[in-house]
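1. Kindly return the folded structure for what I paste below:
(one chain, ligands or ions: 1)
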Amino acid sequence: MQTKKLLEVKNLKKYFPIKGGVIQRTVGHVKAVDDISFDIYKGETLGVVGESGSGKSTLGRMLIRLLDPTEGQVYFDGQDITNLPNRKLRPLRKEMQMVFQDPYASLNPRMSVGELIEEPMIVQNTLKPKERQGQVIELLNKVGLNTDARLKYPHEFSGGQRQRIAIARALSTKPTFIIGDEPVSALDVSIQSQVLNLMEELQDEFNLTYLFIAHDLSVVRHISDRVAVMYLGRIAEIAQKDAIYKEPLHPYTQALISAVPSTDVTKKREKIKLKGDLPSPSNPPTGCAFHTRCPKVHERCKVDRPELTDMGNGNMVACHLYTNEQLQRIAE
Ligand SMILES: Nc1ncnc2c1ncn2[C@@H]1O[C@H](COP(=O)(O)OP(=O)(O)OP(=O)(O)O)[C@@H](O)[C@H]1O
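-> Have a look, this model is predicted:
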């Protein structure tokens, strides 16, 4: 893996206004993403996990400017793209693609597979029609589909095959960065691993960088180099995969990991059951947003929001159990 940054995310926020009353005044905000900073390195896969509503999709959409941030910056290959006008953004659009959870909803049912894969190339307008046809066939073969598939329509394919079509379409602009927004969550478990393997092969072949969003830690385990755990619009922990799975630091990560079935039968994990539901992102708890459900909560957690702190090896956690003073006390 290279160590050059492809994306730099600085203090990113997305607050959606909540309208109320007869004149539809703004009465509050959903803090979908609330002050997030991290980097994505060239060639890596960063897994992003968290419960439904923790802000994963909103974050992904802001990274490729499908959604404008409320505050903060996104740098793509060193260039600040946060406020780039559409005209300047257009050449960069081909570099960034997204594969969605439901390939049936994301693929226009009235277009043939060939047209679906060709469309982004037409928009880009860099290839002649014959070259585009050649590309369509090559891409179909790369994702494991027959050449004949180009004449058929999405409904003629299974879920796994449709996701292969969506991946071929995403690849048609020769992107460098792909966001998978739960791309295998709707598929049968046996099909999930086939699509994950395909994505890994394509990553090697085309030098792709992935952000891979999932609910489930077991889904991102194989494909990720690092994993970010989100809770109520913030990053609770971001670390190398092995650290996340073997020695999770944040009590929230520990709870998520305890729910992943262990492959090692000699190591039976005790499942940590979290109390209560995910609080509303329109009215998040004070201090550490996780304190209302945390089995290791202290008084300080209720008032003081922990910052994401580097543990000295690039792995970062936002928890008062590991803030600087605490670490110093342990060292003394
Ligand atoms: N366009 C919008 N307007 C208002 N609120 C929104 C909008 N989009 C998302 N939200 C809210 O922002 C919060 C984060 O949503 P988001 O979809 O990013 O979470 P998620 O972690 O991807 O969840 P899921 O796994 O269910 O997709 C949720 O409370 C959601 O209701």
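2. so what's Gly50 up against?
-> Lys56, His215, Val229, Met230, Tyr231 (CB atoms under 8 Å, 6 or more residues apart in numbering). Every residue, glycine included, has its C-beta placed from N, CA and C.
3. ok, so what distance separates it from the ligand?
-> 5 Å (CB to the nearest ligand atom, to the nearest Å).
4. what's that residue sitting at in phi/psi?
-> phi 170, psi 160 (degrees, to the nearest 10).
5. So which residues of the stretch 51-200 of the chain form strands?
-> Ranges of strands in the stretch 51-200 of the chain, per DSSP state E, counting those that start in this stretch, are 71-76, 79-80, 96-99, 177-181.
6. Give me the three-state assignment for the closest residue to the ligand within the stretch 151-300 of the chain.
-> Among the residues of the stretch 151-300 of the chain, Pro281 lies closest to the ligand, at 4.6 Å counting by CB to the nearest ligand atom. The three-state assignment at Pro281 reads coil, by DSSP: H, G, I helix; E, B strand; the rest coil.
7. who touches stretch 300-310?
-> Against stretch 300-310 from outside (CB under 8 Å, 6+ apart): 37, 235, 238, 285-291, 294, 316-320, 322-324.
8. ok, back up a step: I'd like the contacts of Gly50 as a markdown table, with distance to Val30 and pLDDT appended.
-> Output for the contacts of Gly50, formatted as a markdown table (distance: CB to CB, whole Å; pLDDT from 0 to 100):
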| residue | distance to Val30 | pLDDT |
| --- | --- | --- |
| Lys56 | 14 | 97 |
| His215 | 19 | 89 |
| Val229 | 20 | 98 |
| Met230 | 15 | 97 |
| Tyr231 | 15 | 97 |
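9. Cross-check those residues against the ligand and keep the overlap.
-> When those are checked against the ligand using CB under 6 Å from any ligand atom, the ones in range are Lys56, His215.
10. Inside helices: which ones of the contacts of Gly50?
-> Lys56 (DSSP state H).
11. which of the contacts of Gly50 are the two that sit furthest away from each other?
-> Using CB to CB, these span at most 12.8 Å, a distance reached by His215 and Tyr231.
12. Output the contacting helices and strands for the longest helix seen in the chain.
-> The longest helix of the chain (DSSP H) is helix 189-206. On a contact count with 3 or more CB pairs under 8 Å, 6 or more residues apart in numbering; DSSP states H and E, helix 189-206 meets helix 159-171, helix 217-223.
13. What residues does the stretch 1-150 of the chain have near the ligand?
-> Phe16, Val30, Ala32, Gly50, Ser52, Gly53, Ser54, Gly55, Lys56, Ser57, Thr58.
14. I'd like to know which of these are buried.
-> Buried subset of these (neighbour count, 16 or more other CB atoms under 10 Å): Phe16, Val30, Ala32, Gly50, Gly53, Ser54, Gly55, Lys56, Ser57, Thr58.
15. Quick check: the farthest pair among the residues you listed?
-> Phe16 and Gly50, at 17.2 Å, using CB to CB across those.
16. just to revisit the earlier point, buried only: go through the contacts of stretch 300-310 for me.
-> For the contacts of stretch 300-310, a neighbour count by 16+ other CB under 10 Å gives the buried set as 37, 235, 238, 285, 287-291, 294, 316-320, 322-323.
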